[in-house]
Structure formats: C-alpha cells, structure tokens
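Asks: let's see this in three dimensions:
(one chain, ligands or ions: 1)
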Amino acid sequence: MRKAADVQNTAVILGGGLTGLSAGYVLSSAGISVKVFERDSVVGGLSKTIVKDGFRFDLGGHRFFTKDARIDGFVRTLMKEELLSVNRTSKIYMRNNFFDYPLKPFNAMFGLGILTTFKIMGDYGTEKLRRLLRENECVSLEDWVVNNFGRTMFNIYFKQYSEKVWGIDCKRISAEWVAQRIKGLSLAKALKNAFFKFTGKDIPTLTDKFVYPSLGIGRISDRLKDEIDKKNAVYTDAGVESVNHSDFCIDSVVVKDRKGTRIVHGTEFISSMPATKLVSLLNPAPPEDILDAAAKLRFRDLVVVAIMVDRRRVTDQTWIYIPEKNIPFGRIHEPTNWSDKMAPEGKTLMVMEFFSFKGDSVWNETDERLQDITIENLEKLGFIKRSEVIDGMVVRVPKAYPLFEVGYKELCKKVYDYLALFSNLHVAGRTGMFRYYNMDHAIESGLDTAERIIQKNNSFAGDSDEELAWAGAEKCEPRL
Ligand SMILES: Cc1cc2nc3c(=O)[nH]c(=O)nc-3n(C[C@H](O)[C@H](O)[C@H](O)COP(=O)(O)OP(=O)(O)OC[C@H]3O[C@@H](n4cnc5c(N)ncnc54)[C@H](O)[C@@H]3O)c2cc1C
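Replies: As a prediction, the model looks like this:
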C-alpha cells in the first residue's frame, strides 16, 4: 500500500457534466484539491450548448426547473443576471393537428372528434371499474398507461410516442419508468389540471415558467468550470481509459489527452461517466457476472439536427412534440423562443431530436441526408420553405437516456452493489446512476457527493496522523 506521504490528497472527478462540475465546484470552494477529467472538447455533457456562426442550441432544449430551494439558490447565485425567465408554451402534433400541451379539453375534444373523446372517457371509466374489481399486475409501460389513462388514450398518444422515443415495444419498457416520471398523473388529473388552467387556477406542479441562461444552458457548466479553474483544474479532451484499484480501493486513473497518456493519483474518486463504462474500465476487471449485468444495461441515443433559417421566428413555442410515426423526429424546439440571443439578429433556428440507437440507420446516415430529410419534413409540417435555409448541423449524442427495460432493476442492483464495495469511489449523476435525472437532480447528486466527501475529510482530519490532511489511502477500507 502507498505511504500517506506519497498520496496526493486530491479528489479526482471523472466526467465534466453538471454532476461532476457541481461536485468539483463545492470541493474546490471548500479548499480541497480537485481534478476534473472530461473526454469531450468542452464541458457540459448532455447539458452543453453548441455554437456555430452565431447560432446556439442545446441538445434538445433544456429548461431548468426545481422545487428544491437549495438547488434553485445554487444556480441563481452562480448565474446571477445571466438568467432569463421564460414562459413555457408547448404543442403536440397528432392526426395533422397541433394541440396545446398540457391538454386543454375543448381544443383536444374538437381536434380528436367527439366520438374519440367519448371513447377515451368510456375506456377510462371501464379501466377504473376493472381496477376496483381486480388489481392488474403492472409490469410494463403499457400496463401502467392503460390502468391510468385507458386503452384509447394509450393507442392514440402514449404508444406511438413512447415507441418512437425508446425504440422498443411498450410491453418491454418497465412500468417503473413511467410511474417515476409522471408520478400520480392520470387522465382524471390531467383533465382537472386542464380545466383549472382554463379557469385561470393553475396547479403548481405543471409549471408554466422556467429560468434559462441567455446564451444557452451550457453556460451553467461554463460558469462552474470557470470557478473551479480559479483554484484547481478542469481538463477537457481528457478521457479516462482505466481505473486502477486494489482491495476495493481506487488508487489512480489513466487519462489520455492531446499530449498522451498519464497516470493520475487521488484519494477520493467521483465517477459521473456512464456506470456501464466505469465497470468496463476497472483494472483489475470485475467478476464476469458484473461485467455481464453492466453490458445488458442499455441507453437510448439521440441525433440532433439544427436547421438555421433566414427568418426572425418560425413558431412561438417552447417545445413541439411529434408522436406521429410518419415524421421521423420526435421533438422540435426553436431556441430563439427561449432567448433571442440564440441566433444572429433577424435569424432563427429549429432543432429536431431523432431518437436512435448508435449504429442504426439514423445514427449512420450522412449529415447531408439527415439535414435534407429534416428540411423536407419541416416543409411538410408547414414550418419553413427550403429557400429560407441558411445552414444546418448534426450532433450525435450517445447515451442520452437510460433505457428502463423490464428487468433493469435487478441488473442495476448487481452492478451498484458491486461498485458500493469500493471505499473511495462515489458514483453520481444521470448516466453514472442509470437514473432519469433532470439537471436539478444531477446538480443535487454532485452537491451531495461533495458534501459526503467533505464530511469524511472532516472526520479523518480529527485523527492523530497530521499528514493525512483528509481521507488518505491508509483509510481506504473496503465497504464489505
Ligand atoms: C434530449 C435531452 C433533453 C433534456 N432536457 C432537460 C430539461 O429540459 N431539463 C432538465 O432539467 N434536464 C434535461 N435533460 C437532462 C440533463 O441533460 C441531465 O440531467 C444532465 O445533463 C446530466 O448531467 P450529468 O453530469 O449527470 O451527466 P452527463 O451530462 O452525461 O455527463 C457525464 C460526462 O462524462 C463524460 N465522460 C464519459 N466518459 C468519459 C470518460 N471515459 N472520461 C472522461 N469523461 C467521460 C461525458 O462526456 C459527459 O460530459 C435532458 C436530457 C436530454 C438527453
């Protein structure tokens, strides 16, 4: 084992997304030495903002919203006057019509037709009755939605959109996912909300306002990096290639950057990179059953296509959801509706999300063809004319969404029980925890992890060995 004097009392952070940077910011502010390693050429991960010739866009518009005063305060203090307050207005495109989202009953009723509306209500009533008589087993997304919204609503909206987003049959998507995401929502509550909205009495959970940095969501990560860089360092273009350990204690990581490969030692290690990747980088490698379980956890990937347009605005919407199968993308946003600084004066851009699996026909399509298909469909939807297009850009986003297939929980348990054995490894964040975290959860995960390390540090600082300024390798006991 390495001597205490050799140990560099450094927190090494793998991944420079919101989780890793939030943790780094708190540790750095507490006077702890921090090194953040980010594989990409910029920080921000899924919450970065792409910039091209004065046009700016997120990887799918990112709205910051939290009910947690600590996280809200953290972001507001960091961003100060950069934050704008934005009104949310969204639509869903179904059966050649745009409906307000969340649903407004009269709009939806006239759009879908009275007969379909009655069918939806009738179905929902039948389901409620059936559940009163016999509780259904609720395993998949399909079970959950039919129980809570009825079969017709499932067929019209949820089935198409969910299968477009996830790329697998709704029977194979775990009910856990939808139950977590739309906790407590049902057709009755959605309608109640819609009517309350209609009479002006809003229900606070479906918020209509959010904050947004005027130059894009990536500014939050940029600001965190700037703050860390004042005392410590965030390295970009620096991918972690191996995580070295012995006796369930991490000793170092191997980092590859533009200059070559180097070994970086540390005392505490935070990993916000995908857990599946982390497991594959452990050296020595974990037992075969852990590798197997990690390999079975899958992510859904995303291809983002931005089209720059020579017009001031195309829509007045925050998001437009497109469940229809005949349109190849699932969601649109126009960044200039979030902040007018997202495009040069008098111009705008539209950003489309194609859900994909890395290596499928969408992922492998050329950028030119993807832009061409996108423009064709935007014309079909009546948004733009091809002659107005100035430019385009395609960004491929691996591991955008953890894919909650039926059975994923058992696989996660195996992987995370194993990772928990490491005494100085802290797994955090969205892909790190294989959780459907939003930005506020990612930040919270980073802050909580940093605070745990600070507490651990304080408890060891009280020990007699002065050289161990904080949790050093001598304290590295496996959590068996
Ligand atoms: C399309 C889309 C829309 C979203 N919209 C919203 C929204 O409106 N509101 C909201 O609150 N949230 C939204 N989110 C969620 C939000 O993006 C995430 O919660 C947040 O960005 C997660 O941050 P993270 O740091 O945990 O993970 P990540 O951003 O995934 O960061 C992990 C980092 O690790 C890096 N990494 C990976 N491997 C290595 C390696 N070997 N070495 C070094 N670094 C490595 C990656 O490059 C990445 O930067 C959205 C997500 C998506 C995909």
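Asks: when you work out contacts or count neighbours from here on, use the C-alpha atoms and nothing else.
Replies: Will do.
Asks: tell me the mean pLDDT over the longest helix seen in the chain?
Replies: Counting residues, the longest helix in the chain under DSSP state H turns out to be helix 439-461. When pLDDT is averaged along helix 439-461, the result is 91.
Asks: same thing with stretch 333-342?
Replies: For stretch 333-342, the mean per-residue pLDDT is 98.
Asks: now stretch 143-163
Replies: Regarding stretch 143-163, the rounded mean pLDDT is 83.
Asks: which residues of this protein lie near the ligand?
Replies: Contacts of the chain with the ligand, taken as C-alpha under 6 Å from any ligand atom, map to 14-20, 37-40, 44-47, 59-64, 239-241, 272-273, 400-401, 429-431, 437-440, 442.
Asks: from the residues you listed, which land in helices?
Replies: Per DSSP H, the residues of the chain next to the ligand map to helices at 18-20, 430-431, 439-440, 442.
Asks: hmm, back to that, may I see the buried residues of the longest helix of the chain?
Replies: For helix 439-461, burial by neighbour count (16 or more other C-alpha atoms under 10 Å) applies to 439-451, 453-454, 457, 460-461.
Asks: hey, where'd the strands end up in the stretch 151-300 of the chain?
Replies: Using DSSP state E, counting those that start in this stretch, the strands of the stretch 151-300 of the chain run over 209-213, 233-235, 239-246, 249-257, 260-265, 268-271, 282-283, 299-309.
Asks: mind checking how far the helix or strand hosting Asp123 is from the chain centre?
Replies: Using DSSP states H and E, Asp123 sits within helix 114-133. Offset of helix 114-133 from its chain centre (C-alpha atoms, centre = their mean, to the nearest Å): 34 Å.
Asks: I'd like to know which elements it is packed against.
Replies: Contact partners of helix 114-133 among helices and strands, from 3 or more C-alpha pairs under 8 Å, 6 or more residues apart in numbering; DSSP states H and E: helix 141-149, helix 151-153.
Asks: go with 7 Å
Replies: Using 3 or more C-alpha pairs under 7 Å, 6 or more residues apart in numbering; DSSP states H and E as the contact test, the elements touching helix 114-133 are helix 151-153.
Asks: which residues sit against the helix it packs on?
Replies: Helix 151-153 is contacted from outside by 119-120, 123, using C-alpha atoms under 7 Å, 6 or more residues apart in numbering.
Asks: one more: stretch 397-405?
Replies: 172-174, 177, 298-303, 358, 431, 434-436.
Asks: send the alpha carbons of stretch 31-45 over as CSV?
Replies: Once non-C-alpha atoms are left out, stretch 31-45 reads as follows in CSV (Å, rounded to 0.1, in the frame of the first residue of the first chain):
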residue,chain,number,x,y,z
GLY,A,31,-10.3,24.2,-0.2
ILE,A,32,-9.9,20.6,-1.4
SER,A,33,-7.7,19.8,-4.4
VAL,A,34,-9.8,18.8,-7.4
LYS,A,35,-9.0,17.5,-10.9
VAL,A,36,-11.9,17.1,-13.3
PHE,A,37,-11.4,15.0,-16.5
GLU,A,38,-13.8,15.4,-19.4
ARG,A,39,-13.5,13.4,-22.5
ASP,A,40,-15.2,15.9,-24.8
SER,A,41,-13.5,19.1,-26.0
VAL,A,42,-16.0,21.2,-24.0
VAL,A,43,-17.7,20.8,-20.6
GLY,A,44,-21.4,20.3,-20.0
GLY,A,45,-22.1,16.8,-21.2
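Asks: so what's the gap between that stretch and the chain middle?
Replies: Centroid displacement of stretch 31-45 relative to its chain, using C-alpha atoms, centre = their mean, is 18 Å.
Asks: same question for stretch 349-356.
Replies: Put simply, stretch 349-356 sits 15 Å off its chain's centre (C-alpha atoms, centre = their mean).
Asks: pull the residues that contact it.
Replies: Residues outside stretch 349-356 that contact it (C-alpha under 7 Å, 6+ apart) are 60, 164-165, 300-309, 328-335, 362-363.
Asks: are any of those residues buried, and which?
Replies: The neighbour count (16+ other C-alpha under 10 Å) marks 60, 164-165, 300-309, 328-335, 362-363 as buried among these.
Asks: pull the longest strand from this protein.
Replies: In the chain, assigned by DSSP state E, the strand with the most residues is strand 389-402.
Asks: can you list the strands that that one pairs with?
Replies: strand 299-309 (antiparallel) (DSSP bridges).
Asks: any idea of the mean pLDDT for the partner strand?
Replies: Averaged across strand 299-309, pLDDT comes to 98.
Asks: same question for the helix or strand immediately after that strand in the chain: list its buried residues.
Replies: The C-terminal neighbour of strand 299-309 among helices and strands, as given by DSSP H and E, is strand 319-321. Under the neighbour-count criterion of 16+ other C-alpha under 10 Å, strand 319-321 has 319-321 buried.
Asks: could you do stretch 416-436 as well?
Replies: By 16+ other C-alpha under 10 Å, the buried positions in stretch 416-436 come out as 416, 418-436.
Asks: these in helices, which ones?
Replies: Those of these lying in helices (DSSP H): 416, 418-419, 430-433.
Asks: contacts only, for the residue lying closest to Phe98 once chain neighbours are set aside.
Replies: The shortest distance from Phe98 to any non-neighbouring residue, by C-alpha to C-alpha, 6 or more residues apart in numbering, is to Ile92 (5.5 Å). Counting by C-alpha under 7 Å, 6+ apart, Ile92 makes contact with 98-101, 320-322.
Asks: please apply the same query to Tyr321.
Replies: Contacts here follow C-alpha under 7 Å, 6+ apart; on that basis Tyr321 touches 91-93, 330-332.
Asks: Phe55 - nearest residue in space that isn't next to it in sequence?
Replies: Leaving aside its chain neighbours, Phe55 sits nearest to Ala343 (4.4 Å; criterion: C-alpha to C-alpha, 6+ apart).
Asks: I'd say that neighbour and Lys52 touch.
Replies: No - checked against C-alpha atoms under 7 Å, the pair Ala343 and Lys52 is beyond contact range at 9.5 Å.
Asks: the two: which is more packed in?
Replies: Relative neighbour count places Ala343 above the other of Ala343 and Lys52, with 23 against 12, counting by other C-alpha atoms under 10 Å.
Asks: and the gap between the more buried one and Ser214?
Replies: Per C-alpha to C-alpha, to the nearest Å, Ala343 is found 11 Å from Ser214.
Asks: same thing with Ser423?
Replies: 41 Å.
Asks: mind giving me the domain split of this protein?
Replies: Under the assignment automatic domain parsing, the domains of the chain span 4-42+217-296+406-475, 100-198, 299-402.
Asks: tell me if I'm right that Thr248 and Leu421 touch.
Replies: Careful, residue 248 is Phe and not Thr. Yes - with contact defined as C-alpha under 7 Å, Phe248 reaches Leu421; the gap is 6.2 Å.
Asks: low-confidence stretches in the chain?
Replies: Residues of the chain meeting the criterion pLDDT under 70: 1-8, 102-111, 135-136, 179-207, 460-480.
Asks: try it again with 80
Replies: Applying pLDDT under 80 to the chain flags residues 1-8, 95, 101-114, 127-128, 131-137, 156-157, 177-208, 458-480.
Asks: just the strands in the stretch 1-150 of the chain please.
Replies: Secondary structure of the stretch 1-150 of the chain (DSSP E, counting those that start in this stretch): strands at 10-14, 33-37, 49-52, 55-58, 83-87, 90-94, 97-101.
Asks: what strands line up against the last one, and which way round?
Replies: The strands that strand 97-101 pairs with in its sheet are strand 90-94 (antiparallel) (by DSSP bridges).
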